[in-house]
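**Student:** sequence plus predicted model, see below.
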Amino acid sequence: MFYDYFSRLCARKGVSTSRAAEDINLSRSTVSKWKTGSTPSGATLQKLSEYFDIPVDYLLRGEQPPAKAEPDLTFDDFTYALHNETKELTPENKQRLLEFARIFKAEQEKEAKEK
């Protein structure tokens, strides 16, 4: 079902399904139709392709594109611990955790400006 694929793409990008729909000017009813088996129009597929930075044919087949080469990453103890503690969370809970981190960061930046 297309919705499941859309949901996985959103989780991979770190956004909720409703946020992704809003970002590309899709109505919630459009996304709801995908839950019941509907598929996106050609124009919508193009928007999704651009938003998720993947070719339209991958959207049509529900496949993940080949991973882009990432630079070597070095994990500090905190990052490693965070990864281990969160790797089994659902995509929805990962999204919530990301939103909490953004809130904490915004509060920290606000406090720094007030000093």
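**Tutor:** All right, it came through fine.
**Student:** which residue ranges of the chain form helices?
**Tutor:** With DSSP state H as the criterion, the chain has helices at 2-13, 17-23, 28-35, 42-52, 56-61, 77-86, 91-114.
**Student:** now the ones you listed in CSV, with mean neighbour count and mean pLDDT?
**Tutor:** (Glycine included, C-beta is placed from N, CA and C.) Below are the helices of the chain laid out as CSV (neighbours: other CB atoms under 10 Å; pLDDT from 0 to 100):
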stretch, mean neighbour count, mean pLDDT
helix 2-13, 17, 87
helix 17-23, 16, 91
helix 28-35, 14, 89
helix 42-52, 15, 90
helix 56-61, 15, 81
helix 77-86, 10, 80
helix 91-114, 11, 89
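**Student:** from Pro40, how far out is the nearest residue to Ala21 once chain neighbours are set aside?
**Tutor:** Of all residues not flanking Ala21 in the chain, Val31 sits nearest, at 4.9 Å (CB to CB, 6 or more residues apart in numbering). Per CB to CB, to the nearest Å, Val31 is found 9 Å from Pro40.
**Student:** list residues touching both of the two?
**Tutor:** Counting by CB atoms under 8 Å, 6 or more residues apart in numbering, Val31 and Pro40 have no contacts in common.
**Student:** ok so, going back, isn't the residue nearest to Ala21 right up against Tyr3?
**Tutor:** Yes - in this structure Val31 lies within contact range of Tyr3 using CB atoms under 8 Å: 7.2 Å.
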